[in-house]
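A.B. asks: One predicted model, sequence on top.
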Amino acid sequence: MRASLNLNPSKLRFTLATDLDGTFLGGTDEERKQLYRFLEDNKDLIGLIFVTGRDIPFVKNLIDTKEVPKPDLIIGDVGTTVVETNAYEPLKEIQDWIDSLWSGEEKARELMQAHPHLKEQEIYGGKRVSYFYSEEDKARAAARDAIAAGYDAIFSANLYFDILPKGVKKGPTLLKLIELIGLNSDTVLTAGDTLNDLSLFETGLKSVAVGNSEPLLRDELDRLENVYLAKGHGAAGIEESIHHFNLF
């Protein structure tokens with residue numbers, strides 16, 4: 001692990017590990033401002049990790065333009081890239097683990113040639129190949145082929161389809177990170193709103209599905225007792241869950 005982390009796990013009251021689109025970036029302007037102000041006012045006591053499908057340059061731009069508080073760490077590219085936010089350097093131990101499980105872009109693209117309904121996204125970050133889809137049954141057939149060939153596959157927002165390294169998603173990568181930097185898992189709160197956040201909730205960590213979560217995600221949550229279903233949308237749902245779990 002690189003020595004440039006600002007995070008001091010022994011001093012933290014809790015750590016928020018949150019998706020961006022629809023979650024941390026969701027809600028009204030005032031709701032976002034209220035949550036962001038709370039995090040900034042207590043930044044020595046609250047850890048912040050962005051866990052997103054977005055690539056690192058996109059997230060860095062959000063931070064540089066001060067649209068969001070600066071997180072301590074970013075898990076980007078649907079769990080396949082992990083960086084600290086001083087120099088935006090990768091955490092080598094986790095990145096090596098991800099790289100070791102990746103069977104390659106070329107093989108994945110060759111597999112998906114049998115599924116011409118998929119349209120590849122122009123995404124350049126992380127160990128993944130990403131597509132748009134419009135027909136769920138055909139996309140699930142493509143996912144079965146990817147999994148049989150040694151990859152993982154996830155869906156979100158009835159639109160996005162990602163092929164990932166086997167066993168690598170947002171949740172497993174977050175657990176690796178928690179172990180590496182010595183966070184207390186009992187005080188980590190995950191937050192999300194789409195199906196690609198399901199692996200966060202399957203970690204068993206305290207979790208919140210914000211009020212605007214997509215129906216496909218909500219359909220999966222009855223079996224998960226660690227997940228709080230918030231009424232508030234986006235940032236308001238996160239703040240609601242902090243009170244629900246009595247984290248601060």
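C.D. replies: Arrived safely. Numbering: from 1, shown residues only.
A.B. asks: State the pLDDT value of the residue most central in space within the chain.
C.D. replies: Nearest residue to the geometric centre of the chain (CA atoms, centre = their mean): residue 51, 2.9 Å. Residue 51 carries a pLDDT value of 98.
A.B. asks: Pretty sure residue 230 sits against residue 208.
C.D. replies: Yes - using CB atoms under 8 Å as the test, residue 230 is close enough to residue 208 to be in contact (5.3 Å). For every residue, glycine as well, the C-beta is placed using N, CA and C.
A.B. asks: quick one: the strands in this structure?
C.D. replies: Secondary structure of the chain by DSSP state E: the strands cover 14-18, 46-51, 73-76, 81-84, 119-120, 129-132, 151-156, 160-165, 188-192, 206-209, 227-229.
A.B. asks: Next, count neighbours for residue 25.
C.D. replies: By the criterion of other CB atoms under 10 Å, residue 25 has 17 neighbours.
A.B. asks: The residue nearest to the centre of the chain and residue 173: what is the separation?
C.D. replies: 8 Å (CB to CB, to the nearest Å).
A.B. asks: can I assume residue 177 is in contact with residue 95?
C.D. replies: No - under the criterion of CB under 8 Å, residue 177 is not in contact with residue 95, lying 11.0 Å apart.
A.B. asks: Now do the shared contacts for residue 230 and residue 208.
C.D. replies: 237, 238, 240, 241, 244 (CB atoms under 8 Å, 6 or more residues apart in numbering).
A.B. asks: State the distance from the first one to residue 73.
C.D. replies: Okay, so that is residue 237. Distance, residue 237 to residue 73, by CB to CB: 22 Å.
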